[in-house]
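Chemist: have a look at this fold, sequence not included:
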């Protein structure tokens, strides 16, 4: 099962995605386990440095490096806060760019639920308003699901 490659893309021996590939570029931004888990935690509502380090299970140095990189890439924004009698610290919140990564996180979660959880999925995604199950799909803007073998990938004509 594979997508349909259009025109020049159909001959896999004649083209290589290279560094213009959007998947490569996205992985350059969030391609570490720690980065993805920090994004998961941000989606869950974690905002403080200690919470990220503890919940992701990484050292302060690793958490600091990943948070700095995610802020630099614009996925998280950093804002100061100060507890009474304490020094100024920072909270980290999802930006619009970071929130746009949520379907990717949910897609990984959904795939993991299906293939990596022998006792069944540990969490359930449902609409807060209706209680209906939520799933990530490949679909047209009007909601029609597109099977992999009916998905066409073409070069963008500029």
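Modeler: Ah, there it is. Just so you know, these numbers come straight off a predicted model, no measurement behind them.
Chemist: count the neighbours of residue 32 for me.
Modeler: Using other C-beta atoms under 10 Å, residue 32 has 14 other residues around it. (C-beta placed from N, C-alpha, C; glycine too.)
Chemist: wouldn't it be in contact with residue 66 here?
Modeler: Yes. At 7.0 Å, residue 32 counts as touching residue 66 under the criterion of C-beta atoms under 8 Å.
Chemist: the helices in this protein, which residues?
Modeler: 22-30, 33-44, 49-56, 60-72, 96-99, 102-115 (DSSP state H).
Chemist: in JSON lines: the ones you listed, plus distance to residue 150 and mean pLDDT.
Modeler: Listed next are the helices of the chain as JSON lines, based on distance: least, C-beta to C-beta, whole Å; pLDDT from 0 to 100:
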{"stretch": "helix 22-30", "distance to residue 150": "20", "mean pLDDT": "95"}
{"stretch": "helix 33-44", "distance to residue 150": "29", "mean pLDDT": "98"}
{"stretch": "helix 49-56", "distance to residue 150": "38", "mean pLDDT": "98"}
{"stretch": "helix 60-72", "distance to residue 150": "35", "mean pLDDT": "98"}
{"stretch": "helix 96-99", "distance to residue 150": "29", "mean pLDDT": "98"}
{"stretch": "helix 102-115", "distance to residue 150": "19", "mean pLDDT": "97"}
